[in-house]
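Participant: Turn this into a structure:
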Amino acid sequence: GELFLAFDETPVAAAWIAQVHFAVTSEGREVAGKILRPGIARAFARDLELLMWLGRLIERTQPALRRLKPVEIAQTLQKSVEIEIDLRFEAAAAAELAENFAGDAGFRVPRVDWRRSGRGVLTTDRLAGIRVDDRAALVAAGHDIDVLLKKAAEAFFNQVFRDGFFHADLHPGNMFVAPDGAIAVVDFGIMGRLDRDTRFFLADMLAGFLSCDYRRVAEVHFAAGYVPR
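Facilitator: Next up, the predicted model:
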């Protein structure tokens with residue numbers, strides 16, 4: 001009641017751990033509020049405990065499957081979930097991505113409202129736009145599809161190869177085209193980071209695929225250590 005003038009009860013988007021509602025702040029700004037589902041942390045803890053138990057059971061009773069590292073997989077999932085269900089991490093990721101693209105008018109990240117964000121709620125500016133997979137609507141709105149593809153590709157290449165920090169969940173539900181033609185993205189719960197060496201390896205692999213030099217692609221996999229000798 002102190003922070004919002006209005007808060008829509010009907011969600012505009014829903015996922016496995018949270019759902020999004022449109023709202024209006026006490027200052028009159030239109031925002032989107034992402035709220036964790038009640039009890040989601042307890043549900044995850046229960047599921048992860050089961051996965052860990054299964055992993056230990058597999059390693060103890062199935063020696064041939066130890067090479068798949070089931071316990072290590074469960075531990076990796078646990079770390080990932082701990083980050084994803086604390087929306088402060090998502091807020092920080094959104095802010096970092098926005099900072100990386102501060103000078104790029106063709107790629108837009110909603111601003112985080114830190115006053116209205118915390119562990120269980122993330123509030124950002126509300127974005128207007130057309131889903132990136134709604135081709136008919138994009139054409140009807142006067143957008144050039146080839147130009148949009150170029151913008152989207154450039155933005156992702158900049159994330160991966162320039163910044164080493166990228167949005168790792170860019171399905172159509174998370175990408176929109178703003179009225180001015182900018183690519184706008186939401187949902188920063190799953191992000192990726194690449195160190196400098198990995199970026200060079202990926203660039204070499206991509207060049208090999210584009211030039212159909214598949215021997216070079218294989219050599220890069222060995223050089224990077226992705227395939228054991």
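Participant: only C-alpha atoms for contact and neighbour calcs from this point on.
Facilitator: Fine.
Participant: Give me the longest helix you can find in this protein.
Facilitator: Counting residues, the longest helix found in the chain (DSSP state H) is helix 40-61.
Participant: Flag every buried residue along it.
Facilitator: When neighbours are counted by 16 or more other CA atoms under 10 Å, the buried residues of helix 40-61 are found to be 41, 44, 48, 51-52, 55-56, 58-59.
Participant: Other residues contacting it?
Facilitator: In this structure, residues lying in contact with helix 40-61 by CA atoms under 8 Å, 6 or more residues apart in numbering are 17, 65-66, 69-71, 74-75, 77-78, 81, 85.
Participant: Which of the residues you listed are buried, as a PyMOL select command?
Facilitator: Buried residues among those (16+ other CA under 10 Å), as a PyMOL selection:
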select buried, resi 17+70+71+74+78+81+85
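Participant: Return the per-residue confidence for the nearest residue to Ala224 once chain neighbours are set aside.
Facilitator: Of all residues not flanking Ala224 in the chain, Phe201 sits nearest, at 6.6 Å (CA to CA, 6 or more residues apart in numbering). We have a pLDDT of 94 for Phe201.
Participant: and what of Arg229?
Facilitator: At Arg229, the predicted lDDT confidence score is 77.
Participant: Run a quick check on it versus Glu219, I expect a contact.
Facilitator: No: in this structure, Arg229 is not within contact of Glu219 by CA atoms under 8 Å, at 11.0 Å.
Participant: so where's the protein uncertain?
Facilitator: Under the criterion of pLDDT under 70, none of the chain is flagged as low confidence.
Participant: Quick check: Ala64 is in a helix.
Facilitator: Yes: per DSSP: H, G, I helix; E, B strand; the rest coil, Ala64 lies within a helix segment.
Participant: now the contacts of helix 40-61 as CSV including distance to Ile130 and secondary structure?
Facilitator: Below are the contacts of helix 40-61 laid out as CSV (distance: CA to CA, whole Å; DSSP: H, G, I helix; E, B strand; the rest coil):
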residue, distance to Ile130, secondary structure
Ile17, 24, coil
Leu65, 46, helix
Arg66, 47, helix
Lys69, 42, coil
Pro70, 41, helix
Val71, 42, helix
Ala74, 38, helix
Gln75, 38, helix
Leu77, 33, helix
Gln78, 35, helix
Val81, 30, helix
Ile85, 28, coil
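Participant: helix, strand or coil for Leu5?
Facilitator: Secondary structure state of Leu5, per three-state DSSP, is strand.
Participant: again but with Phe176, I slipped
Facilitator: Each residue gets one of three states, and Phe176 gets strand by three-state DSSP.
Participant: List the beta-bridge partners for it.
Facilitator: Beta-bridge pairing of Phe176, defined through DSSP bridges, involves Arg131, Ala184.
Participant: if I look at it, how far off is Glu27?
Facilitator: Noted for Phe176: a distance of 26 Å to Glu27, by CA to CA, to the nearest Å.
Participant: which stretches of the protein form strands?
Facilitator: When assigned using DSSP state E, the strands of the chain occupy the ranges 4-7, 13-14, 18-25, 30-36, 107-108, 121-125, 130-131, 165-167, 175-177, 183-185, 191-193.
Participant: What is the neighbour count of Arg199?
Facilitator: Other residues near Arg199 come to 17 when the count uses other CA atoms under 10 Å.
Participant: OK, contacts around it?
Facilitator: By CA under 8 Å, 6+ apart, the contact set of Arg199 is 160-161, 164.
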